[in-house]
Every structure is written in C-alpha cells, then in structure tokens.
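S.K.: here is a sequence with its predicted model. Questions after.
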Amino acid sequence: MRLVFLGPPGAGKGTQANLLSQRRGIAHISTGEILREAAESGSELGNQAKDFMDRGDLVPDELVDRIVAERLAEADCRSGFVLDGYPRTVAQARALDGYLTEIGRPLTAVLGFEVHQGEVTSRLLRRGRADDNKNTIRRRLRVYDEQTRELLDHYETSGLLKRISAVGAIDQVAARVEAALA
Ligand code: AMP
C-alpha cells in the first residue's frame, strides 16, 4: 500500500498517518518532521530549510524532492508507505509520480482530508508546535490554498483521490480512513 495523505495543516493527517502505519506495518514519512529534525540538528539541509519553515512558506521543491526520493529508497518502504505532508505542489507531485513510475511502484491511493478553516486554526493553536502561532498559521493556510489545494484536482484526474471528512474524534476519522482504503 503506497499512499499520500493530503489536506490543510491541522487536518489530523499526521495523527492518522501514524496510526495507519502502525496498523499496516508501513513506513510513515512526514517531510515536516524530517525538516524539523534537520533544522534542530543544524545540518546543512536544516539551515537551508529553517527560514522558509519559520515563515510558514514552503521549502524549495528540489530540497524536499531529494529528501523523499532518498527516504523512499530505504528498506522499510518496501512493505509500503504513507506520505504525510508531501507532495505540496504540482511540481512535487510530478516528481513523485515520475520517481514511483521509474521504480515500478505507483501510488495506490490519495486520501484527501476535508475540514473547514475555522476548525484547523483552533486545532493548530491547541497543538502549539513552534510554528503554530497566529501569523504562521495564517500564512500556512494561505500557502495550502494557493499551492497545495490544486493537487486535489491533479489526483482526482488520475483517479487516485478519495475524500474523507476529517471532522470528529481520532477513532471516527481512523474508521473513515479504513473504509476509504477497503
Ligand atoms: P508540516 O509538519 O507538514 O506542517 O510541515 C511543516 C513545514 O515544513 C511547512 O510549513 C513547510 O515549511 C515545510 N514542509 C513540509 N513538507 C513540505 C513539502 N512537501 N514542501 C515544502 N515544504 C514542506
């Protein structure tokens, strides 16, 4: 099972990707997490990414595309994976599609997590990560609308998209994830 979880920040993709990866024994790949760890460790990659992340902007495509291709080549991804927070632009989606086609392992499905903006803002403020302040949240939601939302059409056209409601308790949403994948 090779999946992409798509949706605005605060939709609960990370929580659901984590749970699903445990239930199915597949790899959970969060580009946000990889970038945050890199930024904390002060690696060259982290330093390149940090300013973009602090502003709530997207890190350049080439950087994330490379991270993901390297991560997908690791052994634990052979049993499947769920990508959480990648792709976020049409260019990233094309890079991913190209890479997976090249290795002969195309995506199984894309789950679109649907939730309205008022709900995600209050979720993010409750979560309280370093980049969860009002200005950055506003910026990240805008970036989602301007650059990521169009991926829903991209994956709808390729017939991979399944939309689910991300409103409700964690186990309710988890049940919808399972139903969509059944
Ligand atoms: P996330 O944890 O997915 O909300 O990501 C946190 C931050 O990491 C984002 O606001 C971006 O700055 C950066 N980031 C994560 N994934 C990507 C991606 N696929 N493309 C560009 N930037 C990303």
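M.R.: In hand now; what should we look at? Numbers count the residues shown, from 1 in each chain.
S.K.: any residues of the chain in contact with the ligand? List them.
M.R.: Contact residues, the chain versus the ligand (Cβ under 6 Å from any ligand atom): 9, 31-32, 35, 52-53, 56-59, 64, 85-88, 92, 140. Backbone N, C-alpha and C define where each C-beta goes, glycine included.
S.K.: these, buried ones only, as a PyMOL selection?
M.R.: Restricted to buried positions by 16 or more other Cβ atoms under 10 Å, the PyMOL selection for these reads:
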select buried, resi 9+31+32+35+53+56+58+59+64+85+86+87+88+92+140
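S.K.: narrow the residues of the chain next to the ligand to those in helices?
M.R.: Thr31, Gly32, Leu35, Phe52, Met53, Val64, Gln92, Arg140 (DSSP state H).
S.K.: show me which of these is closest to Asp132.
M.R.: Using Cβ to Cβ, Arg140 comes nearest to Asp132 of these, at 9.1 Å.
S.K.: that closest one contacts Gly32, correct?
M.R.: No. Contact criterion Cβ atoms under 8 Å: Arg140 and Gly32 do not qualify, at 10.3 Å.
S.K.: tell me what Ile164 is bridged to.
M.R.: Phe113 (DSSP bridges).
S.K.: contacts only, for it.
M.R.: Leu111, Gly112, Phe113, Glu114, Val173, Arg176, Val177, Ala179, Ala180 (Cβ atoms under 8 Å, 6 or more residues apart in numbering).
S.K.: pLDDT (mean, whole number) over stretch 150-161?
M.R.: For stretch 150-161, mean pLDDT is 97.
S.K.: brain fart, stretch 170-180
M.R.: Average pLDDT, stretch 170-180: 98.
S.K.: what residues sit buried inside it?
M.R.: Neighbour count says stretch 170-180 has Val173, Ala174, Arg176, Val177 buried, by 16+ other Cβ under 10 Å.
S.K.: cool, stretch 112-128 as well?
M.R.: Gly112, Phe113, Val115, Val120, Thr121, Arg123, Leu124.
S.K.: please, which helix or strand holds the nearest residue to Ala180 once chain neighbours are set aside?
M.R.: Leaving aside its sequence neighbours, Ala180 sits nearest to Lys162 (Cβ to Cβ, 6 or more residues apart in numbering; 4.4 Å). When secondary structure is defined by DSSP states H and E, Lys162 falls within strand 161-165.
S.K.: after that strand, which helix or strand is next?
M.R.: The C-terminal neighbour of strand 161-165 among helices and strands, as given by DSSP H and E, is helix 170-181.
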